[in-house]
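1. coordinates for the following, if possible.
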Amino acid sequence: MDIQVHGAGPTAEERAAVDELLGAASSGWDGGERDIARDGRSARAGRAARDQRELLLPALHAVQDRVGWVSEGALNYICRRLTVPPADAWGVVTFYHLFATEPRPRTVAHVCDDLACRLRGAERLCAELEDELGPAGEAQAESNGTPSNGTWLRSPCLGLCERAPAALVVHAGAIRETATLGPIRDALTISRALEGDTTEFFTQPAQRLQALRRSVPQAGSAGLKLLSRVGSVDPTSLDAYRSSGGYAALQRAIELGPQGVVAELAASKLVGRGGAAFPAGRKWEAVARAADKTRYVICNADESEPGTFKDRVLLEEDPFAIVEAMTIAGFACGAEAGIVYLRGEYPHAEVRLRQAIAAARAAGLLGEKIAGDGSGGFRFDIEIRRGAGAYICGEETALFNSIEGLRGEPRSKPPFPVEVGVFSKPTLVNNVETLANVPWILREGGAAFAATGTPDSSGTKLFCLSGEVTRPGLYELPFGATLGELLALAGGMLDGKELFAVLLGGAAGSFVGRDRLALPLTFEGTRAAGTTLGSGVVLVYSTEADLGDALLRIAEFFRHESCGQCVPCRVGTVRQLELLQRLKRQTPIGDRAREMALFAELAQAMRDASICGLGQTASTAIASGLALFDPFPGRPAMPDRAHLEEGS
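-> Prediction:
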């Protein structure tokens, strides 16, 4: 038996939003007007509609973008159009935090309260918003007492860490409007944004250039590779991209042939830049050799690791490089379809990427016959699928499920994606930064790429530097540069503060102390030091920072983002947060030593038994923080007797 909301139908606006995506309903069976002469003897849609299950998230986005929330009537209509059981669809729509299932104003300010923004006053800003506008989620009232069209919500990391504290304002309507704000001075800025006034943020070319230089302090510097076009080449112009060397790599790839491209990639020693550091050449070769000839290339642009914003900058400022890299990957692996799975919180990157894809398609660089291979051209095209706010969808198999219209829950491995990926076909998945290296490798050669950096960490790396530093932003350095050199490049500590700790790799990474400034930023160097580069997060804390608050926020983040599929993660992340809360309240179970033993056991269970990397790394940063410093100083109060009795 399925759960349905009887009698709930879509409004005209909701129906129009869905029909604009799916086309008008053809019969009463799929949500249209019922015609007994036509529909009374035979059912239409059926399998054809079920085969469109992958359009569930786009349909939900269509309603959310138009109305501002997904009503029961809208969900019922989507389910009839796609032949998805309503209970199933309800599990999907409630999985993603950017979808609302309760009425709310059309304009929403998503205010980041995550790690980087907390260091720059996010909690103070949220307190001001509560005083000025009311609690989060409550509609702001006009002077005459009537509710306005705006509200604000707390949000996990928005990928705007270099502009902290930051917010994303979304206005639902026939044309969805968005604005990214930061750094935000006070609650008045949010209040004006809810009324449609975002003029103080980058409306003039000079302001936009200033903002870009804030995001990429190295912009225009010599010797850059991945950031060489940022600030100097128009990201909206295909001609400008080609004049700066763009699409020379694709031409070189065609000259080398698919096997030659894979060989060049293997020679470069390029490894994944998303955190796993898997050799890219091996992955490309495995997909190219797959028996199934229907293959996919996916660009994982769902960077949701707190403190990470490198992929956003690349997509906004050099989108054609990613389009070219995916085209090369399609050619080398024999794939005809590419998908960019893009963070729902990156509206500007989506606009830039859509412009780049359209321009490439118009120029014959995407589509049915991409010229230049001497045999009439090859076929490859790209589409964008927008995420809806779920950290777990950065995991590649959870990403597949999301694309297919399911809850973003990880799959068991094996089989691996190179054999059975999206739509059960061989799939190549690389993140944005990994793909951005591909044109460089093809232009200059794999050996030249491998000569940069160190023998075990080739090329350059993008570092997302934020927190209490003078010039936060995205930095590019060859592998082998030290942590101290990176901090010096950013102008050192903010306002002369004293360095205390650095979080490397984000919430899934680990803390290092100020005695680690000589640490080489390489895969082998961080591994030897018992830490990780992860996604390139470098979050800097001074002696004035509240490290206990940081650990609690990390624990809250993982509890919120756990998909709930496996018990070790679903329960472990809750118990981990409860343990830290007891330490903060100075009410441990027994004493601190007992709590630390309990934490160690809990962390091991999550690490060993969780189905994916989220649960496996959920305790890493917290464990390193507890080992390096005392985040909850003070003499413990009386033990929590209730817990003692329960555990006796």
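2. please enumerate the strands of the stretch 251-400 of the chain.
-> Secondary structure of the stretch 251-400 of the chain, counting by DSSP state E, counting those that start in this stretch: strands at 296-301, 337-342, 367-370, 378-386.
3. and the ones you listed, which one averages the lowest pLDDT?
-> Lowest mean pLDDT within the strands of the stretch 251-400 of the chain: strand 367-370, a mean of 91.
4. show me what that one is packed against.
-> Strand 367-370 sits against strand 378-386, with contacts defined as 3 or more C-beta pairs under 8 Å, 6 or more residues apart in numbering; DSSP states H and E. (Glycine included, C-beta is placed from N, CA and C.)
5. output the below-cut-off pLDDT ranges for the stretch 501-648 of the chain.
-> 634-648 (pLDDT under 70).
6. ugh, wrong one, I meant the chain
-> Looking at the chain by pLDDT under 70, you get 1-7, 27-50, 140-148, 198-207, 372-376, 634-648.
7. how is it partitioned into domains?
-> Annotated domains of the chain cover 12-93, 107-198, 238-451, 454-545, 548-647 [automatic domain parsing].
8. got these as CSV, with distance to Ser221 and mean neighbour count columns?
-> Listed next are those as CSV, based on distance: least, C-beta to C-beta, whole Å; neighbours: other C-beta atoms under 10 Å:
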stretch, distance to Ser221, mean neighbour count
domain 12-93, 38, 18
domain 107-198, 17, 20
domain 238-451, 14, 21
domain 454-545, 9, 20
domain 548-647, 31, 18
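9. adding distance to Arg208 as columns, could you present the ones you listed in CSV?
-> CSV is the format used below for the domains of the chain (distance: least, C-beta to C-beta, whole Å):
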stretch, distance to Arg208
domain 12-93, 25
domain 107-198, 12
domain 238-451, 11
domain 454-545, 15
domain 548-647, 31
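10. of those, which is nearest Leu224?
-> Across the domains of the chain, Leu224 has its closest neighbour in domain 454-545 (5.4 Å, C-beta to C-beta).
11. quick one: that closest one to chain centroid distance?
-> Mean-position distance between domain 454-545 and its chain equals 20 Å (C-alpha atoms, centre = their mean, to the nearest Å).
12. quick one: end-to-end length of that domain, please.
-> 34 Å (C-alpha to C-alpha, to the nearest Å).
13. also stretch 215-223?
-> Per C-alpha to C-alpha, stretch 215-223 runs 18 Å from first to last residue.
14. ok, which of the strands of the stretch 251-400 of the chain comes nearest Val502?
-> strand 296-301 (25.7 Å).
15. alpha carbons of that closest one, as PDB, please.
-> The C-alpha coordinates for strand 296-301 follow below in PDB (Å, rounded to 0.1, in the frame of the first residue of the first chain):
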ATOM      1  CA  TYR A 296      29.200   8.200 -19.100                       C
ATOM      2  CA  VAL A 297      31.600  10.900 -18.000                       C
ATOM      3  CA  ILE A 298      30.500  12.700 -14.800                       C
ATOM      4  CA  CYS A 299      32.000  15.900 -13.400                       C
ATOM      5  CA  ASN A 300      31.500  15.800  -9.600                       C
ATOM      6  CA  ALA A 301      30.900  19.500  -8.900                       C
END
